[in-house]
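**Q** Turn this into a structure:
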Amino acid sequence: MMITAGDLKQDILRIYNAINKRIFNAGVRQQKVDFVGSKIIIVSRNTRVPVLKLLDEHDPQSTRQLDHLLFQVLKQEIKKEFEQQLKLNIITILKDYDAETEYSGTIVFLEKDVECYLNDKPELC
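**A** Sure thing, here's the model as predicted:
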């Protein structure tokens with residue numbers, strides 16, 4: 001089955017937003033995905049979870065620890081869903097979030113170049 005880069009980007013953004021809704025009870029406000037070789041780069045703006053925003057004012061160290069734990073859960077979910085739904089072979093995922101600007105960056109490292117997932121000619125990869 002042939003899949004275009006545009007189709008893959010739309011699927012990635014749909015799944016990424018659904019995971020955010022499930023974990024944070026809110027979808028992303030803005031998101032963009034780019035491919036660079038064997039990497040998928042997702043940049044998004046995510047509204048800060050209200051309770052974390054409140055806690056940040058009183059105990060920023062604790063909210064950093066909670067952020068780290070949430071990133072781990074989010075990365076596990078992204079890996080699981082991308083592998084199951086998109087049949088991507090993922091090596092690892094890096095994720096960071098800036099609470100002040102509400103920008104988030106996610107880099108998904110694949111075993112093969114993204115182009116290999118866009119065609120049905122495995123002999124080329």
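
**Q** can you give me the mean pLDDT across stretch 109-122?
**A** Averaged across stretch 109-122, the pLDDT comes to 84.

**Q** How about stretch 82-94?
**A** Stretch 82-94 comes out with an average pLDDT of 97.

**Q** what residues does that stretch touch?
**A** By C-beta atoms under 8 Å, 6 or more residues apart in numbering, the residues outside stretch 82-94 that reach it are 8, 11-12, 15, 40, 75, 78-79, 105-112, 117. For glycine as for every other residue, the C-beta is placed from the backbone atoms N, C-alpha and C.

**Q** try 10 Å
**A** Contacting residues not belonging to stretch 82-94 are listed as 1, 3, 8, 11-12, 14-16, 18-19, 38-42, 71-72, 74-81, 105-112, 114, 116-117 [C-beta atoms under 10 Å, 6 or more residues apart in numbering].

**Q** Before we move on, what's the pLDDT of the spatially most central residue of the chain?
**A** Central residue of the chain (C-alpha atoms, centre = their mean): residue 106, 4.9 Å from the mean position. Note on residue 106: pLDDT of 98.
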